[in-house]
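Chemist: here's my sequence, what's the structure:
(6 chains)
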4 protein chains.
Amino acid sequence: MFELDLRSRLPIYEQLVEKIKDLIINNVLKPDEKLPTVRELASELTVNPNTVQKAYRELEHLGFIYSVPGKGNFVREVAPEHNTARLQALENELSRIINEMLYLGTSPEEIDAQINALLPKDKGGNSNDSSPEG
Amino acid sequence: MFELDLRSRLPIYEQLVEKIKDLIINNVLKPDEKLPTVRELASELTVNPNTVQKAYRELEHLGFIYSVPGKGNFVREVAPEHNTARLQALENELSRIINEMLYLGTSPEEIDAQINALLPKDKGGNSNDSSPEG
Amino acid sequence: MFELDLRSRLPIYEQLVEKIKDLIINNVLKPDEKLPTVRELASELTVNPNTVQKAYRELEHLGFIYSVPGKGNFVREVAPEHNTARLQALENELSRIINEMLYLGTSPEEIDAQINALLPKDKGGNSNDSSPEG
Amino acid sequence: MFELDLRSRLPIYEQLVEKIKDLIINNVLKPDEKLPTVRELASELTVNPNTVQKAYRELEHLGFIYSVPGKGNFVREVAPEHNTARLQALENELSRIINEMLYLGTSPEEIDAQINALLPKDKGGNSNDSSPEG
DNA sequence: GTGGTCTAGACCACG
DNA sequence: GTGGTCTAGACCACA
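Modeler: Just a heads-up that it's a prediction; the model follows:
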């Protein structure tokens, strides 16, 4: 499914949260799909079941999954009520990162180019055109 | 100068690192400017001097300040040798954030607009220049 | 394991850094091997655990060990990204030392001989190999 | 005469010791030559006279200069009695540095080449190297 | 039980 | 008076 870095400073349960969050965001795990049980995932990753349990509880708190007692844990459709606060936090992070990149010498043009490479471009409506050849 | 959240999960010394880093990046603290002494800042924030000391030491490791024993701590000019690895980390964070914003429903156009608002415009008026008039 | 000079001008934690660095460099402590716990080493050397902690943190910054909270501290494989600046510093030290040895009357031939004694010989017999028989 | 780095972690008086030691070793300051007075040097470098005084006392202790009360400080000819202990210390440093360079990936051949570049080659009696001109 | 953080308070080197 | 080091002892998060 994925790998953990046991040497990382990040606690294992936080790594788990990030990995599973990524799978949900990138639609690998689809809405209402069942996640592995705590025991399954724990034995597969050879970590303590308590650690997986903690990650699942955190994901539930973040609004990415829901738990049905006796049934298991399932992917939750994106919940609008969580969005505003979360988006505000993300925008703050975004601002912090951009400022630090500028401070370290990355040019505004380069930052803009990097971000446009990350954004999907399947629509025609883009205001400032990126150079077509390259 | 700024405030700490003593209830936060982030250790106090890391909050200090982030806050001071921000002040340096945003040019509130200028190169070679003297930071508050360890004891001053500790008493102002009502934390232990060792905690401030630890934050200052970390900022020194990160290349943001330098310490002159017996004199004080001072803002360091941006050190290019620290940049490459740091920029790579920032780009990874950037990617993660953009993906999560897209997942939460922010349109690519809106993200692009937000980021352009964060970047300095080289087209015309420069807003954050040092004000020439008194 | 080793001894400290409590009367030395060098801070205890820096002596610790040097000693452990030496053990790693000379392959006494091998990659991914577990170091003594903070408390073990502190009690063995009769110094404060915080002092050992500080040394371990510094070794982590220098890229010699990595720390897994709740598990322990472990020897890190040599990290190439730290090398360039460090090698430059070592070459400067080398130059300083050679010049002072020459000043004090050591002949170039003798210096050359001493250094060749320190370098591994790729000509024939290898003395410090791991013993092939168990 | 020379410059100090006021931002360095090295105490100013130690920087002074190193700089003057270098001048003596490289024969810029010759035996029995008079050094600047404490006040002169202090005002030239804009440091505290106590700092210069401390450096001179340290140089005297190291055997590089001698002090004549009421007259000044003078360069001392190399004193053999200081050599043995000092040379032992230098050889230890040498060993430490070479081992660390090897650990960081520098090949024995490269180390040998670097050191030979530092050694004078004005004599013909060199055992293992090809010195082209005499 | 591990590393990590924090406090309180002492002492030292430096300039 | 500054930063730096060290001790003693407490509490917390993680696995």
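
Chemist: how far away from the center of its chain is stretch A:50-64?
Modeler: Once both centres are worked out by Cα atoms, centre = their mean, to the nearest Å, stretch A:50-64 turns out to sit 13 Å from its chain's centre.

Chemist: quick check: what element follows the helix or strand harbouring A:Phe74 along the chain?
Modeler: For A:Phe74, the host element (DSSP states H and E) is strand A:72-75. Under the assignment DSSP H and E, the closest C-terminal helix or strand after strand A:72-75 is helix A:80-103.

Chemist: hmm, back to that, neighbouring contacts of the strand holding A:Phe74?
Modeler: Applying Cβ atoms under 8 Å, 6 or more residues apart in numbering or on different chains, the contact partners of strand A:72-75 are A:24, A:29-35, A:37, A:56, A:59-60, A:64-68. The way it works is simple: take the backbone N, C-alpha and C, and place the C-beta from them, glycine included.

Chemist: check stretch A:20-36 too.
Modeler: Residues from elsewhere that reach stretch A:20-36 (Cβ under 8 Å, 6+ apart): A:1-2, A:41, A:44, A:55-56, A:59, A:62, A:64-65, A:72-77, B:99-100, B:103.

Chemist: give me the low-pLDDT residue ranges for chain A?
Modeler: Low-confidence segments of chain A, defined by pLDDT under 70, span residues A:1, A:79-82, A:122-134.

Chemist: nearest to DNA strand F: which residue in it?
Modeler: Scanning chain A for the residue nearest DNA strand F gives A:Ile12, at 3.1 Å (criterion: Cβ to the nearest atom of the strand).

Chemist: and the residue nearest to that residue when sequence neighbours are not counted, what does it touch?
Modeler: Closest residue to A:Ile12 apart from its sequence neighbours, by Cβ to Cβ, 6 or more residues apart in numbering or on different chains: A:Thr51 at 5.2 Å. Residues in contact with A:Thr51 (Cβ under 8 Å, 6+ apart) are A:Ile12, A:Tyr13, A:Leu16, A:Ala42.

Chemist: just name the closest of the residues you listed to DNA strand E, please.
Modeler: Once Cβ to the nearest atom of the strand is applied, the member of the contacts of A:Thr51 that ends up nearest DNA strand E is A:Ile12, at 12.2 Å.

Chemist: coming back round to it: going through the contacts of stretch A:20-36, which ones are buried?
Modeler: Among these, those buried by neighbour count (16 or more other Cβ atoms under 10 Å in any protein chain shown) are A:Leu41, A:Ala55, A:Tyr56, A:Leu59, A:Phe64, A:Ile65, A:Asn73, A:Val75, A:Arg76, B:Asn99, B:Glu100, B:Tyr103.

Chemist: can you tell me which of those residues lies closest to A:Glu93?
Modeler: Nearest to A:Glu93 out of these is B:Glu100 (Cβ to Cβ; 9.5 Å).

Chemist: rewinding a little: by neighbours, which of the contacts of A:Thr51 wins?
Modeler: Top of the contacts of A:Thr51 by neighbour number is A:Leu16, holding 23 neighbours under the definition other Cβ atoms under 10 Å in any protein chain shown.

Chemist: report the contact partners of that one.
Modeler: Contacts of A:Leu16 (Cβ under 8 Å, 6+ apart): A:Leu4, A:Thr51, A:Val52, A:Ala55.

Chemist: of the contacts of A:Thr51, just say which sits nearest to chain C.
Modeler: Top of the list for closeness to chain C, among the contacts of A:Thr51 and by Cβ to the nearest Cβ, is A:Ile12 at 9.4 Å.

Chemist: let's verify whichever residue of chain A sits closest to DNA strand E: helix, strand, or coil?
Modeler: The minimum distance from chain A to DNA strand E, using Cβ to the nearest atom of the strand, falls at A:Arg9 (7.0 Å). Taking DSSP: H, G, I helix; E, B strand; the rest coil as the rule, one finds A:Arg9 in the coil state.

Chemist: against chain D, how distant is it?
Modeler: When distances are taken as Cβ to the nearest Cβ, to the nearest Å, A:Arg9 and chain D turn out to be 24 Å apart.

Chemist: again with A:Ile25
Modeler: Distance, A:Ile25 to chain D, using Cβ to the nearest Cβ: 40 Å.

Chemist: before we move on, what about A:Leu23?
Modeler: A:Leu23 sits at a distance of 38 Å from chain D (criterion: Cβ to the nearest Cβ).

Chemist: and if you look at A:Leu119?
Modeler: In this view, A:Leu119 and chain D are 41 Å apart by Cβ to the nearest Cβ.

Chemist: tally of neighbours for that residue?
Modeler: The burial count assigned to A:Leu119 is 17, neighbours taken as other Cβ under 10 Å.

Chemist: closest approach to chain C from chain A, which residue is it?
Modeler: Distances from chain A to chain C, computed as Cβ to the nearest Cβ, single out A:Arg7 as the nearest residue at 5.2 Å.

Chemist: you'd agree that residue is up against C:Tyr66?
Modeler: Yes - contact criterion Cβ atoms under 8 Å: A:Arg7 and C:Tyr66 qualify, at 5.2 Å.

Chemist: so for the two, which residue has more residues nearby?
Modeler: Between A:Arg7 and C:Tyr66, counting by other Cβ under 10 Å, C:Tyr66 is the more crowded of the two (18 against 12).

Chemist: what about the strands in chain A?
Modeler: A:65-68, A:72-75 (DSSP state E).

Chemist: turn those strands into CSV, including distance to D:Thr84.
Modeler: Supplementary listing: the strands of chain A in CSV, determined by distance: least, Cβ to Cβ, whole Å:
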stretch, distance to D:Thr84
strand A:65-68, 73
strand A:72-75, 73
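
Chemist: of those, which is nearest B:Arg86?
Modeler: Ranking the strands of chain A by distance to B:Arg86, with Cβ to Cβ as the measure, places strand A:65-68 first at 33.2 Å.

Chemist: what residues does that closest one touch?
Modeler: Outside strand A:65-68, the residues that touch it by Cβ under 8 Å, 6+ apart are A:Ile20, A:Ile24, A:Leu35, A:Tyr56, A:Leu59, A:Glu60, A:Asn73, A:Phe74, A:Val75, A:Arg76.

Chemist: the same query, at a cut-off of 7 Å, please.
Modeler: A:Leu35, A:Tyr56, A:Leu59, A:Glu60, A:Asn73, A:Phe74, A:Val75, A:Arg76 (Cβ atoms under 7 Å, 6 or more residues apart in numbering or on different chains).

Chemist: name the nearest residue to the fourth one, ignoring sequence neighbours.
Modeler: In space, not counting the residues next to it along the chain, A:Glu60 is nearest to A:Ser67; the distance is 5.5 Å by Cβ to Cβ, 6+ apart.

Chemist: and that neighbour, how many residues sit next to it?
Modeler: Counted with other Cβ under 10 Å, the burial measure for A:Ser67 works out to 15 neighbours.

Chemist: hey, what's it bridged with?
Modeler: For A:Ser67, the beta-bridge partners are A:Asn73 (DSSP bridges).

Chemist: now the contacts of strand A:65-68 in CSV, with distance to DNA strand E?
Modeler: Conversion of the contacts of strand A:65-68 to CSV gives the following (distance: Cβ to the nearest atom of the strand, whole Å):
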residue, distance to DNA strand E
A:Leu35, 26
A:Tyr56, 21
A:Leu59, 23
A:Glu60, 25
A:Asn73, 26
A:Phe74, 31
A:Val75, 31
A:Arg76, 32
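
Chemist: next, count neighbours for A:Pro108.
Modeler: Other residues within reach of A:Pro108, judged by other Cβ under 10 Å, total 17.

Chemist: correct me, but it touches B:Ala117?
Modeler: No - A:Pro108 lies out of contact with B:Ala117 (Cβ atoms under 7 Å); the separation is 11.7 Å.
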